[in-house]
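curious how this folds, go ahead:
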Amino acid sequence: MYQTIKLGSIKTSRTELIDIAKAWLAVSVAFTIAGVGVAVSGRFLLSLLISMMTVGLGFLLHELAHKFTAQRYGCTAEFRAFDQMLLFAIALSFLGFVFAAPGAVMIAGQVTRKENGIISAAGPLTNYALALVFLALEFLVPAGRIIWSSGLSINIWLGLFNMLPFWNFDGKKIWSWNPLIWGAMVACGVLFMVVF
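Below is the predicted model of the structure:
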């Protein structure tokens, strides 16, 4: 089932790679449709490319951060797409907004509440770090400002959205581990949103 790839001891499978690819594409398509509509044109394709580089990259690295952190704690961890939620996200995008819960990293193994909180925090922290990268690119490469600005705002939103402290969101697990860390992470996201 697992195939070791050439990234240290990180393990993956064909199923996981397919699920990541389809979730990345579906989320990118949903954000593109919500932003510019469905008419296939140069504008649509450019928006899709931007979505893949910003929201798609944010989603991908968020999930991989969970996976890599879980594997560091000796767990088996693989991303699985929720096909119905992918279709739901695309359907809602025709109404002009996106609710994306494309899937989750499934973790098997024994972890403490703290380790589970750290695994959960890795995703939103990755989005915040990506937001800072896009912010830096706004100043360093002004020609791509529309892309960098989109990447900045979407990654702040992704990080903050995942901090919701209920259902299966990262925020619930972080809150269960340490409410102060949860509060600090939410405060960082809100500060990002207000300032940028």
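
for this protein, what's the longest helix?
Assignment by DSSP state H gives helix 113-140 as the longest helix of the chain.

rounded mean pLDDT for that one, please.
For helix 113-140, the mean pLDDT works out to 97.

report the central residue of the protein.
In the chain, the centroid-proximal residue (Cα atoms, centre = their mean) is residue 59; its distance is 2.5 Å.

pLDDT wise, what is the most far-flung residue of the chain relative to its centre at?
Taking Cα atoms, centre = their mean as the measure, the residue most remote from the mean C-alpha position of the chain is residue 41, 26.8 Å away. What the model reports for residue 41 is a pLDDT of 78.

what do you get for residue 108?
The score at residue 108 is 94. That number is its pLDDT.

tell me who's in contact with the nearest residue to it once chain neighbours are set aside.
Leaving aside its sequence neighbours, residue 108 sits nearest to residue 76 (Cβ to Cβ, 6 or more residues apart in numbering; 4.5 Å). For every residue, glycine as well, the C-beta is placed using N, CA and C. Applying Cβ atoms under 8 Å, 6 or more residues apart in numbering, we find residue 76 in contact with 11, 70, 107-109.

quick revisit: for the longest helix of the chain, what is the distance to the chain centroid?
Relative to the chain's own centre, helix 113-140 is displaced by 10 Å; criterion: Cα atoms, centre = their mean, to the nearest Å.

which other helices and strands contact it?
In this structure, helix 113-140 makes packing contacts with helix 57-72, helix 145-161, helix 170-177, helix 179-195, judged by 3 or more Cβ pairs under 8 Å, 6 or more residues apart in numbering; DSSP states H and E.

of the ones you listed, which is nearest residue 51?
Closest to residue 51 of these is helix 145-161 (Cβ to Cβ; 8.0 Å).

surely residue 196 and residue 156 touch.
Yes. Shown here, residue 196 and residue 156 form a contact pair, counting by Cβ atoms under 8 Å, at 6.9 Å.

these two: who's more crowded?
Set residue 196 next to residue 156 and count neighbours by other Cβ atoms under 10 Å: residue 156 wins out with 27 against 14.

show me the contacts for that one.
Counting by Cβ under 8 Å, 6+ apart, residue 156 touches 127-128, 131, 189, 192-193, 196.

can you rerun that using 7 Å?
Each residue near residue 156 by Cβ atoms under 7 Å, 6 or more residues apart in numbering is listed here: 131, 189, 192-193, 196.

got the buried residues for the one helix or strand residue 16 maps to?
Using DSSP states H and E, residue 16 sits in helix 14-36. In terms of neighbour count (16 or more other Cβ atoms under 10 Å), helix 14-36 has its buried residues at 16, 19-20, 23-36.

before we move on, back to that, measure the residue farthest from the centre of the chain to residue 122 for me?
38 Å (Cβ to Cβ, to the nearest Å).

residue 129 now?
Per Cβ to Cβ, residue 129 is found 10 Å from residue 122.

the two - which one has more neighbours?
Higher neighbour count among residue 129 and residue 122: residue 122, with 22 against 13, using other Cβ under 10 Å.

pretty sure that one contacts residue 65?
Yes. Here residue 122 reaches residue 65: they are 4.0 Å apart, a contact under Cβ atoms under 7 Å.
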